[in-house]
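> Let's see this in three dimensions:
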Amino acid sequence: MHQAYEVHSILKQGVQIESIAAYDNHVILGTRSGQLIMYSVDEQNEVDMRMFNKNFSRKPITQMEVIAAENLLFVLTDNLVQVCDISRIESNFAFMHSAPDSRGCTLFTMDVDSQKSTTGEVATFIRVCCAIRRRLVFFFWKKNMLVSLQLSIDLTDVPRSLCWVGHAVCVGYKDEYVVYDISGKTPKKYDLFLTSSSISRDPCICLIRNSFLGISKDSYLVMVDPSQYKSKESEGNATSIEEVRPGGRESKKSLSPLLWTSPLLGLVYDEPYAVGRVNNAIEVRSLIGKDTLVQSIPELAKTRFLVRAGKGTIFAAATSELWCIRLVDIPTQRQQLVQHKKFQLAIELTQISEEPAEDKARTVRQIHMLYAKELFTNKEFAAAMTEFEKAAIDPYDVIRLFPNLVPEPKTGSENAAVPLASASTLEEADLENAYLALIEFLALARQREVVKLRDTKSSSKSLLEIIDTTLLKCYLQTNDSLVAPLLRLNQCHLEESEKTLKRHNKISELIILYQMKGKHKEALKLLREQAGVEGSVLQGRKRTIRYLQELGTDHLPLIFEFADWVLKDNPEEGLSIFTDELIEVESLPRAKVLDFLVSKHKALVIPYLEHLIMVWNDSNTLRHNVLIKQYREQIQRLFAQQEKGEEVPELKPLREKLYKMLEDSNDYSPDRVLEDFPTNMLLEERALILGRLKKHDKALAIYIQVLGDVTMATAYAEANYKEDANIFHTLVKCILIPPTQPLYDGVPLHPDFVEVNRKVTLDLLNTHATKIDPFEIFQHLPNDMPMLQLEQYLDKSMRKKLADKHQLQMMCALLKAEARRLDAELEAKRNISFELNEYSVCPECKKRFPSQSAFVRYPNGQIVHLSCHDRIARAAAHQ
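Model (predicted):
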């Protein structure tokens, strides 16, 4: 305990005090005989009577409330509420108003709200709640009189105590407490608890921190948050308590029940203390902390009344004696509290002191530091870190409390009050709790530093390195699943983190560290080493493949260097380094990748090019040419093996791939491909290439004279007929004019077409008669071919010629008829006449046509100026 208040006896006289009110340094006494007396008490506790009204009432003054802002005194006497003016000393409590509707009132409470208007004027709104028998009746002060609020509440018993805050009115009966929410259309009742669990006691209610209700129950003071008792219908439009009470705290932190030595008889709240009357003394208690008793004042055991006049001033009264209780100056109290390690109370007192803001902030920070140190020593690590956070301490100085987390000492620290080695002797369980608390502290510190770095560039990256490296060590001790996400933030110190991870054998996390720090070669070397280690988390090739895929174009030499062992180990799996569906992989320079595969892994060239062309739809001509070349070379090697008697089952599917490539692709260069193509094999494929070059005669010669495949030759001619109408003529010529020597060295002619094959010729002529001109082909037919064999061909051909002629004649006649019709229509238009005189008006501009004016006549007969027509045309074009 320490001395928070000093007690001064200021008045001993014969009057019998029935009620008391106070404001500033003034105290007002209401006597049993109906007198009102005001005294003024200065700093030296000198007493001066300021007002005295001997005959205010014939009955005792049972209750008084002062509204200092409006100089009003509300008095309850003879069960009637009256209002006095206390603005002038000479008026001696000048009577202002008596509220007849409050007749029968035994108790009243008030709610006062001060609001500032946009012009800066402060308006005070006063509401009064009167307990009249078993009813609550509500009034408000307007134009110097109490006016009914048209609101009343029926009660179950006569109230003994009342307190009004915002939307809530708390009522204390002789055996229980209830709360009424008056914010809605209909007041709603909420039951709280009994006044005592054993015997009947008078209720006691006090407003705490301008927003909580302090309610007495047995020997406890229970803190009730009225905002919890609010009907749903009023939540959307009712004003919160903090809005109603300007002094309300911003944060609604719940308060624990406060134990007193005996049940409370009276209570006032003078921040930060609750001052209450108990059986044999007045006790001063703090609302926070474990040991709440601050001071006991037994010499005031006989008091009946307590009232707060202002900050740090309380008046206590017995039947005929008056005391002034003043707060001891805050610096003196603070010194005692710090010595007794009552840091929270010291902080609260400092915050309400009238010291300069800068000095106050510095003092509060120092107390937070001392409090944090004490909490840390007592192994209350989470609370200690909260206090460190409030003290805005350098995170490095908190880290220094853990010697095993500090790589090296930091010089020039401002906060020398924090010890260097406070956690070195902690047991394992305590150390884990300390680490968890440190993690939470550093997470907040990190967030703050990142914001500074992003917004003002004022934060140091080295501090972020220290914070993240320490977090890494803490996570390894508590929750190693958080290590990888932390490393990806890329702020940890490389060397220190590397040593720590190796010490804990966190190889996978070490790879992440290397990756985020750009040490890719070290990461890939480690992956290669671990790939063959049995039981390692990095065993195998998958992690290396994924790492190489993510590197991107900037690290192409590194990709080639470490892809080599993967491709040798498993070519198919390794090829995914260059073919997986990832943006980084697709953006690799394909020409360089192809060169790498050609030089080091030739067997993978075809699969790689197939993926580029078939899957990624690569249209590069060079790569199409290379794939065809690779197919050709591979087929030639397989043919050579086949000639040696070896089985080559892959020859047929590979040749099908080449044929499909030559047939479907439009992106290869046929003339370039043809240069390297052999003449003694792959003749079907050669024919396809010749077809791309529009060398139909050579392509058809291969189909007929070398392969002897009339079906393929006919299909080729059909496919190209639209582009070349004479292609069937070329096909028939290949049969009618057989070559005298082989087309290509070492390739014999087909025996069916060494001489003129009349049967095939007649079949083609009869089947495709309409596509072969007889005038062109007759000169190539054998002279001894009977006309009877050509009858069918000639019949179809001549019919086609006649049909074409009739079509042309009909079209000519139709065109002549259309020409005559247009001539007649033109002549009719030329014969149209109209009159344009000085009275004619343009429908667009409403002006007349002057002589020699240019105009335009529309088909509907309208005539407009040429300029108007141009304007209309431009407007239509812009739409």
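> hey, where'd the strands end up in the stretch 201-350 of the chain?
Assigned by DSSP state E, counting those that start in this stretch, the stretch 201-350 of the chain shows strands spanning 205-208, 212-217, 220-224, 258-259, 266-270, 273-277, 282-286, 293-297, 305-310, 313-317, 321-327.
> Tell me where the stretch 1-150 of the chain has strands.
Secondary structure of the stretch 1-150 of the chain by DSSP E, counting those that start in this stretch: the strands cover 5-12, 17-23, 26-31, 36-41, 47-53, 61-67, 72-77, 80-85, 94-98, 105-116, 122-132, 135-142, 145-154.
> among those, which is nearest residue 542?
Of all the strands of the stretch 1-150 of the chain, strand 105-116 sits nearest to residue 542, with 68.9 Å by CB to CB. Placement of C-beta: from N, CA and C, glycine included.
> What are the buried residues along the closest one?
By neighbour count with 16 or more other CB atoms under 10 Å, strand 105-116 contains the buried residues 105, 107-112.
> which helices and strands sit right next to the strand or helix carrying residue 803?
Secondary-structure element containing residue 803, defined by DSSP states H and E: helix 791-830. The contact analysis (3 or more CB pairs under 8 Å, 6 or more residues apart in numbering; DSSP states H and E) places helix 791-830 against helix 758-767, helix 774-777.
> Centre of the chain to the shortest one, how far?
Helix 774-777 has its average C-alpha position 80 Å from the chain's average C-alpha position, going by CA atoms, centre = their mean, to the nearest Å.
> ok, residues contacting that helix?
Contacts with helix 774-777, where a contact means CB atoms under 8 Å, 6 or more residues apart in numbering, come from 726, 729, 732-733, 765, 793-794, 797-798.
> Can you tell me which of those residues are buried?
Buried members of those, scored by 16+ other CB under 10 Å, are 729, 732-733, 765, 793, 797.
> which two in these are spaced the farthest apart?
Taking CB to CB as the measure, the buried ones among the contacts of helix 774-777 span a maximum distance of 16.6 Å, between 733 and 797.
> and the closest residue to residue 213 other than its chain neighbours, how many neighbours?
Leaving aside its chain neighbours, residue 213 sits nearest to residue 224 (4.4 Å; criterion: CB to CB, 6 or more residues apart in numbering). Neighbourhood size, residue 224 [other CB atoms under 10 Å]: 21.
> Could you do residue 693 as well?
When neighbours are counted by other CB under 10 Å, residue 693 registers 13.
> try the one 4 residues further on
As a burial measure, the neighbour count of residue 697 was computed by other CB under 10 Å and equals 13.
> how about the CA coordinates for the helix or strand where it lies, as PDB?
Taking DSSP H and E as the definition, one finds residue 697 inside helix 696-701. Taking Å, rounded to 0.1, in the frame of the first residue of the first chain, the C-alpha atoms of helix 696-701 are listed here in PDB:
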ATOM      1  CA  HIS A 696       2.700 -32.000-109.800                       C
ATOM      2  CA  ASP A 697       4.300 -33.800-112.800                       C
ATOM      3  CA  LYS A 698       7.200 -35.100-110.700                       C
ATOM      4  CA  ALA A 699       4.900 -36.100-107.800                       C
ATOM      5  CA  LEU A 700       2.600 -37.900-110.100                       C
ATOM      6  CA  ALA A 701       5.500 -39.600-111.900                       C
END
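> Now the following helix or strand past that helix: buried residues?
Moving toward the C-terminus from helix 696-701, the next helix or strand (DSSP H and E) is helix 710-720. By 16+ other CB under 10 Å, the buried positions in helix 710-720 come out as 710, 712-714, 716-717, 720.
> JSON lines for those, including distance to residue 366 and pLDDT?
Listed next are these as JSON lines, based on distance: CB to CB, whole Å; pLDDT from 0 to 100:
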{"residue": "710", "distance to residue 366": "107", "pLDDT": "91"}
{"residue": "712", "distance to residue 366": "99", "pLDDT": "92"}
{"residue": "713", "distance to residue 366": "103", "pLDDT": "92"}
{"residue": "714", "distance to residue 366": "103", "pLDDT": "93"}
{"residue": "716", "distance to residue 366": "98", "pLDDT": "92"}
{"residue": "717", "distance to residue 366": "102", "pLDDT": "92"}
{"residue": "720", "distance to residue 366": "97", "pLDDT": "91"}
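> Make a markdown table out of these and add distance to residue 91.
Below are those laid out as a markdown table (distance: CB to CB, whole Å):
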| residue | distance to residue 91 |
| --- | --- |
| 710 | 134 |
| 712 | 127 |
| 713 | 130 |
| 714 | 129 |
| 716 | 125 |
| 717 | 127 |
| 720 | 122 |
